[in-house]
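1. I need the structure of the sequence given here:
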Amino acid sequence: TRYEPALRRTPRPYPLCRDHPDDPFQRALEILLTKAPTTDPRELIRWTQTVTKHEALAVRRSREQTMGRAVSVTGAGEPVDWVALIPAEGAGPDERAERREAIARTREAMQALKPAERRAQSLLAGGCSYAEIARITGFSATKVNRCIAEGRERFRRVLAGSKDGSRCAELRPLLSAFCDG
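-> Predicted coordinates:
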């Protein structure tokens, strides 16, 4: 128990064992219980660390054979991140973060619309025709057309301002005033 942290750290320097340091540790303990050469604690801990190192190398070789040999991604001889080479089924963290940002920008652009424009745009996005929007909202055909056209323009302008940074310039004095109390 006293030497467990040291034994668990032993396999970490070996790639493919960083994520599962317990595998070589458990195999080394199994060997310790069946083939320990001595009962002297000092010799036993050194022997067990060596066995743990050898087991870490064995686990690494086994995983390399299972995964196949990979060429260094960087070309500088650095260790290969084997997990990064496994294709993911879903979107990765980068794609999810980009999607959340796009949704936040869209939400901000929708909030910039007038209530009538927002309602007409939402109904149009839901698949309603201009005539159905007029019937649902009670607006005239001219007002529906105007709400959609002006709403689209305002929506695009706010989105463009988010992308080109002009929106940040607009918010800078407000953020400064907020921070100053």
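
2. low pLDDT regions in this protein?
-> 11-21, 64-88 (pLDDT under 70).

3. Going along the chain, name the helices of this structure.
-> Applying DSSP state H to the chain gives helices spanning 4-9, 22-35, 41-67, 93-111, 115-125, 130-137, 141-164, 166-179.

4. okay if I get these as JSON lines plus mean neighbour count?
-> Quick note: C-beta positions are derived from backbone N, CA and C, even for glycine. As requested, the helices of the chain are exported to JSON lines (neighbours: other C-beta atoms under 10 Å):
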{"stretch": "helix 4-9", "mean neighbour count": "13"}
{"stretch": "helix 22-35", "mean neighbour count": "16"}
{"stretch": "helix 41-67", "mean neighbour count": "15"}
{"stretch": "helix 93-111", "mean neighbour count": "12"}
{"stretch": "helix 115-125", "mean neighbour count": "17"}
{"stretch": "helix 130-137", "mean neighbour count": "15"}
{"stretch": "helix 141-164", "mean neighbour count": "16"}
{"stretch": "helix 166-179", "mean neighbour count": "10"}
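
5. tell me the contacts of F25?
-> With contact taken as C-beta atoms under 8 Å, 6 or more residues apart in numbering, F25 is in contact with 7-8, 10-11, 52, 55.

6. Same question for A120.
-> By C-beta under 8 Å, 6+ apart, the neighbours of A120 are 133, 137, 139, 144, 147-148, 151.
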